[in-house]
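Student: here is the input, now give the coordinates:
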Amino acid sequence: MSKFTALYAFVVASEPVGKLLDGVINVFAGCRNLAPTTLRLPDSTITPLTKDVLDFTATVSGATVELIGPRATYHATWAYGRKATHPYLTAHLRVEQNELSALDKSFVKLGQVLKSPYSFIDTTDSLKWEEDRYSLGVPFSAKALFGLYWFNQIGSELAQEFEPSAETLDLLTSYTPCVDGTQCFHAKRHPGGNVEPALIAAIVRDANIFEKYDPKAAFSCVPFEFDLSRIRSIPEPYGEVVLNDVTVRTYQRTEDLRRYGFLLPLPNGFEFMFLVQPKYCELLGLSVNDMLVLPVQSQLKHLVTTQIDAAFEEIPDLNTLDRVREAHKRGSIGLSPAILSYVLNQYLGGA
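Tutor: As a prediction, this is how the structure comes out:
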């Protein structure tokens, strides 16, 4: 029998990814086996945790990276912008029995650093995977939490929604209110154990946020709303613009993402196409590095380039800006109207 217990942790964060990554690194720095030492990027590159890589990672939106330690893997997922939800962290851990108490304390500290409204830890096998009833503690569309686990942490944001009764406190294995308003409790005596039915009944009566733990719950009310204003107010990453839900990046931003492992290589037969061709950027004094690019089929890129050049030669009587604008209007086939309109207005003097 293995001396290790396989645990799964889930932490919702109210801090941007820079704090999220720094929080994990700093909180677990003293835990020799759980401290992350390398970072796995979306292109599967594994790199040391250098300041350069971490600083760049914090500028990326809509990504997932892995922090890897000897007996731990942490998955950080986040997005910025108007439609962003809370960043969150999941972790797969292998711990010994004598490490459980220290693990508790580390996750309490991590939850406080990340201003987490909710987190939990339990064995992987004990998690409820049925999609119709549980979702690993992720906020449901009806804004309720789903499970009771070995370790549970309710952040100050939800503290007023969870006021355990005397009956619930008697049934909990442990309950610790913290000075910052965070509440931590154990609903099981050990990871992987069963939650007592009496505790389930009591806690559902006490707190709407656990209403969904009752499979008969009808969600007659909306128990809470997470505050997403801070995450959604974080500026979009540099060199990116979202047009009709399509993220378009500058050449420099694209190269940076590729260099740091956040963009996979393009499939065979595809290339990046400048939305204003480089030679016309030079004619107009525009920065090639700051010009938007799109991944397109190589044949389409060749066709668009050829048509723009031909159109430019066919209209010699206009000034340079007007010639370039008209040539791109005629030759930029395959672009969505929103992207073409943005290019014309942003770089070429208007549609």
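Student: could you pull out the helices for the stretch 1-150 of the chain?
Tutor: Assigned by DSSP state H, counting those that start in this stretch, the helices in the stretch 1-150 of the chain fall at 17-27, 51-57, 100-113.
Student: need the CA coordinates for the first one. CSV is fine.
Tutor: The one in question is helix 17-27. The C-alpha coordinates for helix 17-27 follow below in CSV (Å, rounded to 0.1, in the frame of the first residue of the first chain):
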residue,chain,number,x,y,z
VAL,A,17,-2.4,35.7,-12.2
GLY,A,18,0.8,37.4,-11.1
LYS,A,19,-0.3,37.2,-7.5
LEU,A,20,-1.7,33.7,-8.1
LEU,A,21,1.6,32.3,-9.3
ASP,A,22,3.7,34.2,-6.7
GLY,A,23,1.3,33.1,-4.0
VAL,A,24,1.8,29.4,-4.8
ILE,A,25,5.6,29.8,-5.1
ASN,A,26,5.9,31.8,-1.8
VAL,A,27,3.4,29.8,0.3
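Student: alpha carbons of the lowest-mean-pLDDT helix or strand in the chain, as PDB, please.
Tutor: None of the helices or strands of the chain scores lower by mean pLDDT, DSSP states H and E than helix 229-232, at a mean of 77. Output of helix 229-232 as PDB, limited to C-alpha atoms (Å, rounded to 0.1, in the frame of the first residue of the first chain):
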ATOM      1  CA  SER A 229     -15.200  43.800 -10.900                       C
ATOM      2  CA  ARG A 230     -11.500  43.800 -10.100                       C
ATOM      3  CA  ILE A 231     -10.600  40.900 -12.500                       C
ATOM      4  CA  ARG A 232     -12.800  42.400 -15.300                       C
END
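Student: I'd like the next helix or strand past that helix.
Tutor: strand 240-243 (DSSP states H and E).
Student: that next one pairs with which strands?
Tutor: Using DSSP bridges, strand 240-243 pairs in its sheet with strand 246-250 (antiparallel).
Student: ok now the strand it pairs with, how far from the chain's centre?
Tutor: 18 Å (C-alpha atoms, centre = their mean, to the nearest Å).
Student: how about residues contacting that strand?
Tutor: Contact with strand 246-250 is made by 62, 239-242, 257, 275, 289-294, 336, 338-339, 342, as judged by C-beta atoms under 8 Å, 6 or more residues apart in numbering. Every C-beta, even on glycine, is put in place using the N, C-alpha and C of the backbone.
Student: which ones among those map onto helices?
Tutor: Counted as lying in helices by DSSP state H, out of the contacts of strand 246-250, are 257, 338-339, 342.
Student: okay, these in TSV with pLDDT, neighbour count and distance to P36 next?
Tutor: Formatted as TSV, the ones in helices among the contacts of strand 246-250 follow (pLDDT from 0 to 100; neighbours: other C-beta atoms under 10 Å; distance: C-beta to C-beta, whole Å):
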residue	pLDDT	neighbour count	distance to P36
L257	90	23	22
A338	87	13	40
I339	87	19	39
Y342	90	19	40
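Student: can you tell me how far the spatially most central residue of the chain is from I231?
Tutor: The centroid of the chain falls nearest to W78 when counting by C-alpha atoms, centre = their mean (1.4 Å). To I231, W78 is 8 Å away according to C-beta to C-beta, to the nearest Å.
Student: highest mean neighbour count out of the helices of the stretch 1-150 of the chain?
Tutor: Sort the helices of the stretch 1-150 of the chain by mean neighbour count, taking mean count of other C-beta atoms under 10 Å, and helix 17-27 sits at the top with a mean of 21.
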